[in-house]
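J.: Predicted structure and sequence below. I'll ask about it afterward.
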Amino acid sequence: MPASGEEAPATVRRGSNTAESGLRSSVSENPAKQTAAIARVRNVGITAHIDAGKTTLTERILYYTGKTHKIGEVHDGAAEMDWMEQEKERGITITSAATTCFWRDHRINIIDTPGHVDFTVEVERSLRVLDGAVGVFCAVAGVQPQSETVWRQAARYGVPRLAVVNKMDRVGASYDRVLDDLVAKLDASPAPLTIPLGAEETFRGIIDLVTLERVEFGGDLGLEVRRSPLDDEEAALAAPYRERLVEVACDFDDALMEDYLHGRDPEPARLVSALRTGTLACGLHPVLAASALRNKGVQPVLDYVVELLPSPLDRGAVTGLNPDSGERETREPDPDQPATAYVFKTATDPFVGKLTFFRTYAGTLGVKDKLLNSHTGRQVRINRLLEMHANKKHDVKSLGPGEIGAAVGLKGCRTNDTLCDPAAPLILGEIDFPEPVVRVAIEPRSTEDEKKLEGALEELAADDPTFTAHEDAETGQRIISGMGELHLEIIVDRLKREFKVGCRVGEPQIAYKESVASAAVGSFTLDQLLGGKRQYARVEVRVSPAEPGEGFSFSGTVDGLPRLYREAAAAGCRQGMYSGPTAGYPMIDVRAELTGADFDDEASSEEVFQAAAFRAFHAACQKADPRVFEPLMLLEITCPEDFVGNVMKDLVTRKGQILETRVQAGAQVVDALVPLSRMFGYATTLRSLTQGRAAHHMQFERYEPVPEDAEGRWW
């Protein structure tokens, strides 16, 4: 960036991926150059609510950095990062896509993530391996539900974030309203680095508050970046924002605070240094204005990604568990450390087969290396390493600390696995994935399809931890489960297109759960002759409700009971969680305590104890006021004021609970909690109620008991 007050001529800044050779070659040179190369790496995720312009921003980034030679538009189905046929047809991102580009001699590894709630898992596992994130917010809609979700996901992993207020050219755009939203809804500490010059149809550029310059974008597709001094009117507009920015930065630099108190204006470099300290500590969140579709404001986003977001060195060492010693160990982002990489995604490619995506945290992974999968205990050999650009692949010989890539043909590797040096095993922390909430029955159209269907479902389930497939023991139907109707619609479409499987699907069903509302004790004595041999075990179990989200826990001991029998009793109770006493749905949030047991040295065995515990657990659950639970969804509807009454009346008929109504950009927004069972086909109903002028967003909130007057409807 030019120094403050210096008039810069019109410039064309377009990156070049020839910088790659310089960064890569330095890895094999002396330690100082290795460290410098790692310091110039940025692993960044682009996150947003659906239709906030996230992929459009990514396409401009690829063009301005020289990665692509033309801009692909989402609305034309030509976006580089939305490569799946389903993405092109629907104009949405379904799967996270990785790419690498270069800007100001820095290597930026980018993951473009989905914005639809059904594919939140793609965001979750991407954020697990990223060092920084760029949150994109619509200047009209502000902070939307999925924006909140992904922002909080990033906060959970301690990922520093920039915010981009996109679509400043849209009617109803308001930069200040989004800043207020960031504080009110996300509890963020926004630090505006740029502010818009104009808004809606008058949006023509930005003011850089760090350098106090006007920045305009001209030439072919916004390639020319023109920096010039502010006039008096622009300086007056910038003054309160600049003061706010400096005040926020002073919290992270005592010397800067002293200068500010004495009326000395900070130099841009000094200000950026303080802002970087605050950003890395997640104590502030820089905010920039842009209109990606109109090619305005994107290059400054790249500048501040390089200036403010962390490198792998800034993020520091990772900590994991040594499976041999049980001790916690750390790995530094150093090529000389033992190789350590985390598998965050797998995918099936029609041309090369199984792709395993990973982030290297320490050491260097090279072609022909043998690594240990510390979760399975098996060794794997790397035959081919790839750098990805969406679905395009580029072979590389090695991947060092901080780099993100893929390997071909690593057998048995799944999401959450750790690949490491066999001489220095380590297990890195895992991601907890949400339970599927919608399911449908699926069946093949022919005997030939039957053979292909099972294998295809196994592959899809291996690649997507939120998708499951199983056979119902009672009906014999094959059931597939996912995060929503769109999720399952995409799965079925992929079965037909990618795997060439003819299939039929039933109507969507709810993934109900069961739990208990009170405490009770149940016992069971198994005493019988089987094959001429006596089998004996007596187990007494107490069950009680657990906290929401706690899952299953087992406790309790009985004096004199062998440890193997106690473990068998725990396994029996855990098996009982798979089928509830009321309607056979899986159980959630139950505590089980072993309160009594009896065994016979000759007639008892682990298998018998497990069977007796299973029956005792169910006997206790039947006495403990068992309840059926259903998914409750958080629904946000944006519609013109004229139709709010119709929408709210309809929600009441669906047993919805209205949480809030508010005005946003000339429209009314209704927030409600609604049972998922009442929401199938809602998109069509909403269009009918509002003449097609409303939009809605729905995401899973929590499980709640089915109302007593409704119980009995489904079984």
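T.: Ah, there it is.
J.: what's Arg227 sitting at in phi/psi?
T.: Note on Arg227: its backbone torsions stand at phi -110, psi 140 [degrees, to the nearest 10].
J.: bridging residues for it?
T.: Beta-bridge partners for Arg227, by DSSP bridges, are Val215.
J.: pretty sure Pro300 contacts Asp208?
T.: Yes. Counting by C-beta atoms under 8 Å, Asp208 is a contact partner of Pro300 at 6.6 Å. (C-beta placed from N, C-alpha, C; glycine too.)
J.: any common contacting residues for the two?
T.: Leu193, Thr194, Val215 (C-beta atoms under 8 Å, 6 or more residues apart in numbering).
J.: Can you tell me which of these lies closest to Ala568?
T.: Leu193 (60.8 Å; C-beta to C-beta).
J.: That closest one: what's it in contact with?
T.: Neighbours of Leu193 in contact, by C-beta under 8 Å, 6+ apart: Asp208, Leu209, Val210, Leu245, Leu275, Pro286, Val287, Leu288, Pro300, Tyr304.
J.: By neighbour count, which of the residues you listed wins?
T.: Neighbour counts for the contacts of Leu193, by other C-beta atoms under 10 Å, peak at Pro286, which reaches 30 neighbours.
J.: Isn't that residue up against Val272?
T.: No. Contact criterion C-beta under 8 Å: Pro286 and Val272 do not qualify, at 10.0 Å.
J.: got any residues that touch both of these two?
T.: Leu308.
J.: circling back to that earlier point, out of the contacts of Leu193, which sit inside helices?
T.: Leu245, Leu275, Pro300, Tyr304 (DSSP state H).
J.: how many neighbours does Val492 have?
T.: Counted with other C-beta under 10 Å, Val492 comes out at 18.
J.: Now do it against Leu453, distance only.
T.: Distance, Val492 to Leu453, by C-beta to C-beta, to the nearest Å: 11 Å.
J.: so where is the protein shaky, pLDDT-wise?
T.: Filtered on pLDDT under 70, the chain yields the residue ranges 1-33, 72-83, 93, 473-475, 665-666, 708-715.
J.: count of residues packed around Glu448?
T.: Quick note: Glu448 (other C-beta under 10 Å) scores 12 neighbours.
J.: quick check, it in a helix?
T.: Yes. Glu448: assigned to a helix according to DSSP: H, G, I helix; E, B strand; the rest coil.
J.: need the contact list for it.
T.: Contacts of Glu448 (C-beta under 8 Å, 6+ apart): none.
J.: From Pro422, how far off is it?
T.: Taking C-beta to C-beta, one finds Glu448 at 43 Å from Pro422.
J.: One more: Glu636?
T.: 50 Å.
J.: Compare the two (neighbour count), which wins?
T.: When neighbours are counted by other C-beta under 10 Å, Glu636 and Pro422 differ, and Glu636 comes out ahead with 20 against 13.
J.: Show the contacting residues for the more buried one.
T.: Taking C-beta under 8 Å, 6+ apart as the test, what Glu636 contacts is Gln144, Pro145, Val669, Val670, Asp671, His696, His697, Met698.
J.: Using a markdown table, please lay out the residues you listed together with distance to Ile479.
T.: Below are the contacts of Glu636 laid out as a markdown table (distance: C-beta to C-beta, whole Å):
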| residue | distance to Ile479 |
| --- | --- |
| Gln144 | 32 |
| Pro145 | 28 |
| Val669 | 36 |
| Val670 | 33 |
| Asp671 | 32 |
| His696 | 27 |
| His697 | 27 |
| Met698 | 22 |
